[in-house]
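S.K.: Prediction below, plus the sequence it came from.
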Amino acid sequence: MFDLGISKLVMIGLVALIVIGPERLPKVARTIGTLLGKAQRYVNDVKREVNQAMEMDELRKVKTSLEGAARDLEQTVRTHASDFKSGVNQVSDELNALDGGADSDSDGSSLDGLEDASKRDFVTAVTPVVYVAPRKDWRKRRSAVPGWYKARHQVRKNIQSDAARVARLRVHSSFDSH
């Protein structure tokens, strides 16, 4: 862009000193510095926004690919479930044929319990285990100052109120009577 060396900067400074004068030169230098700072911040903001837009595009691409993978997984699970269900129905039909249909009702209600059990087993096998966060000990007071800082600066850990200290150190009247 500009080829400014030290010799050119010194020359610009001397010309500015002669043209502007020594009284107004610090004020002009401050003004130029603030304007350059604002311009630099503006350029950095534009760069940051462009980077964010690029990251958002990448995240959208990842999101669509994950959604596609999830749809494919769902489809394979459905096909395996239907294959499993058809296998269970086939086995139950063979069992009914071997029993001669003596145990089944006319509406086929004996298969409902078997189908429900197979669905239940399939759902428990497919669904993920829900994570339960351990409960925090809410009785324990959390300090904002870290322990290593307290140890280094010899801060007292157990602070007692004045009333509690007096009560602890007070000589009981039952000891005085003996």
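M.R.: Cool, got the structure. Numbers count the residues shown, from 1 in each chain.
S.K.: mind checking the SS state of Gly37?
M.R.: What DSSP: H, G, I helix; E, B strand; the rest coil gives for Gly37 is helix.
S.K.: do you know how far Asp20 is from Met11?
M.R.: Quick fix: residue 20 reads Ile, not Asp. Applying C-beta to C-beta, to the nearest Å, the value for Ile20 to Met11 is 15 Å. In short, each C-beta sits where N, CA and C put it, glycine included.
S.K.: Next: Gly147.
M.R.: Gly147 is 60 Å from Met11, by C-beta to C-beta.
S.K.: again with Arg24
M.R.: Noted for Arg24: a distance of 19 Å to Met11, by C-beta to C-beta.
S.K.: same thing with Glu49?
M.R.: From Glu49 to Met11 the distance is 38 Å (C-beta to C-beta).
S.K.: still on that earlier bit, which one of Ile20 and Met11 has more residues nearby?
M.R.: Using other C-beta atoms under 10 Å as the criterion, Ile20 and Met11 rank with Ile20 on top: 14 against 11.
S.K.: what residues are up against the more buried one?
M.R.: Val28 (C-beta atoms under 8 Å, 6 or more residues apart in numbering).
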